[in-house]
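Trainee: sequence-free structure coming up:
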């Protein structure tokens, strides 16, 4: 049985494409891509849900591992790409967080909501007036 696994491993390692596909240089970044995918999907959600400390942590983490991906031998471009996408996503989330909590985004949204609420009430009142006048 050990000979079978040794022969199979030798056959896999002889083919460069298969060898790469069966290595941690492929599967590490492939499994890590869940983080940037989640960050990109979160861009469509409300900024109230963003955690500032976690966003900062993931930004530093991705910057560190972007550097690491190019420092190892052989260079791991897939890992670099994964962290490059995550870095951009986290910077965008960080901007949304700062805009919402520190640059007046929450207040603007509240004012916008008040304006929309007033418009809805005005339309409802106008409809009631038209109904009463038509009777």
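Mentor: Nice, I can see it. Note that the structure is predicted; figures quoted are calculated from it, not measured. Numbers count the residues shown, from 1 in each chain.

Trainee: ok, residue 101 to residue 46 distance?
Mentor: Computed with C-beta to C-beta, to the nearest Å, the distance linking residue 101 and residue 46 is 12 Å. C-betas here are computed from N, CA, C, even on glycine.

Trainee: quick one: which of those two has more around it?
Mentor: A count of neighbours by other C-beta atoms under 10 Å puts residue 101 above the other of residue 101 and residue 46, at 14 against 10.

Trainee: OK, contacts around the residue most central in space within the chain?
Mentor: Among the residues of the chain, the one closest to the centroid is residue 39, at 1.1 Å (C-alpha atoms, centre = their mean). In this structure, residue 39 makes contact with 58, 86, 89-90, 92-93, judged by C-beta atoms under 8 Å, 6 or more residues apart in numbering.

Trainee: check which element follows the helix or strand of the chain with the lowest mean pLDDT along the chain.
Mentor: Least confident helix or strand of the chain, by mean pLDDT, DSSP states H and E, is helix 16-21 with a mean of 67. Read in the C-terminal direction, the helix or strand following helix 16-21 is helix 24-32, with elements assigned using DSSP states H and E.

Trainee: how far does the helix or strand that that next one is followed by sit from the chain's center?
Mentor: Counting by DSSP H and E, the element after helix 24-32 in chain order, helix or strand, is helix 34-42. For helix 34-42, the distance from its own C-alpha centre to the chain's C-alpha centre is 3 Å (C-alpha atoms, centre = their mean, to the nearest Å).

Trainee: helix, strand, or coil at residue 97?
Mentor: helix (DSSP: H, G, I helix; E, B strand; the rest coil).

Trainee: what of residue 44?
Mentor: Strictly by three-state DSSP, residue 44 counts as coil.

Trainee: what sits against it?
Mentor: Taking C-beta under 8 Å, 6+ apart as the contact definition, residue 44 lies against nothing.

Trainee: what distance do you get for it to residue 110?
Mentor: 21 Å.
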